[in-house]
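> Mind looking at a prediction? Sequence and model below.
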Amino acid sequence: MRYPDRRETDPGSIAWRKSTYSGHQGDCIQVADGIADAVPVRDSKTPDGPALVFRAGAWAAFVSHLKDSG
């Protein structure tokens, strides 16, 4: 598996979108698409802060679990 390099996960260099599972009160997470085998995630309240990068399969399993639990 190829991990994204620093440029690909730098919050200023990729396109972020609000997660469909984010709340309506403005507290939300943002995710970035288009990075092979990885899903970067960050807190929308601190867009210049760190981003977590999950393996795509782990993120898919997490989202599936949310759907099944909701």
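Perfect, thanks for sending it.
> helix/strand/coil for V53?
Secondary structure assignment for V53 (DSSP: H, G, I helix; E, B strand; the rest coil): strand.
> what do you get for Q30?
Under three-state DSSP, Q30 falls in the strand class.
> now swap in S64 and tell me
helix.
> Can you pull the poorly scored residue ranges out of the protein?
Applying pLDDT under 70 to the chain flags the ranges 1-13, 21-26, 70.
> Return the set of residues that bridge with the spatially most central residue of it.
Of all residues in the chain, the one closest to the mean position by CA atoms, centre = their mean is V41, 2.5 Å from it. Each beta-bridge partner of V41 is listed here: V31, L52, as defined by DSSP bridges.
> need the contact list for it.
Residues in contact with V41 (CB atoms under 8 Å, 6 or more residues apart in numbering) are S19, I29, Q30, V31, A51, L52, V53, F54, W59. All C-beta atoms are positioned from the backbone trio N, CA, C, and that covers glycine.
> can we see that at 10 Å?
By CB atoms under 10 Å, 6 or more residues apart in numbering, the contact set of V41 is W16, S19, I29, Q30, V31, A32, A51, L52, V53, F54, W59, F62.
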